[in-house]
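# Predicted model, plus sequence, below.
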Amino acid sequence: ALQGPPDVPLSVGLPSSVFSSLRGSPLFEFLRKHHVGHHVASGLANYNVCCPGMDVVVGTFMTEEQWTPKIRYRQAKEIKGALASSEM
């Protein structure tokens, strides 16, 4: 499974532990997908990750159903000498 970035300590910002209980919650998943949609839409939608309602107000909100078809899948290239995942 993919891992996220390391937890943020107090010395560099708001500690991740403050929100750790929300990880995996419906709210967290909505905000995560809202953020992913921002990147999938090439930064043209879903600007406000902290307050997505503002995207609705200013007309930049894009639903998951709208941005999902825009995902570009790339075929993995074979790298000479690399092990296939089944060989690891």
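Looks like it arrived, so ask away.
# those strands in this protein, which residues are they?
Using DSSP state E, the chain contains no strands.
# which residues touch the spatially most central residue of it?
The chain has residue 36 as the residue nearest its centroid, 3.7 Å off, counting by CA atoms, centre = their mean. Applying CB atoms under 8 Å, 6 or more residues apart in numbering to residue 36 gives the contacts residue 67. From N, CA and C alone the C-beta is placed, and that goes for glycine too.
# and what of residue 22?
Counted by CB under 8 Å, 6+ apart, residue 22 has contacts residue 28.
# gap between the closest residue to residue 45 other than its chain neighbours and residue 10?
Distance criterion CB to CB, 6 or more residues apart in numbering; nearest residue to residue 45, sequence neighbours excluded, is residue 62 at 3.7 Å. From residue 62 over to residue 10 the distance is 34 Å, taken as CB to CB, to the nearest Å.
# So which of those two has more stuff around it?
Per other CB atoms under 10 Å, whichever of residue 62 and residue 10 has more neighbours is residue 62, with 18 against 10.
# and the gap between the more buried one and residue 80?
Distance, residue 62 to residue 80, using CB to CB: 40 Å.
# quick one: low-confidence parts of this protein?
Scanning the chain for pLDDT under 70 picks out 1-4, 74-77, 82-88.
# and residue 61, what is it in contact with?
With contact taken as CB under 8 Å, 6+ apart, residue 61 is in contact with 45-46, 52, 55.
# out of these, which is most surrounded?
residue 46 (24 neighbours).
# Quick check: nearest residue in space to residue 17, chain neighbours excluded?
residue 7 (6.5 Å).
# can I assume the one you found is in contact with residue 18?
No: the criterion here is CB atoms under 8 Å, and residue 7 misses it with residue 18 at 10.2 Å.
# Need the residues touching each of those two.
Counting by CB under 8 Å, 6+ apart, residue 7 and residue 18 have no common neighbour.
# neighbours of residue 73, just the number please.
With other CB under 10 Å as criterion, residue 73 counts 5.
# Good, wrapping up.
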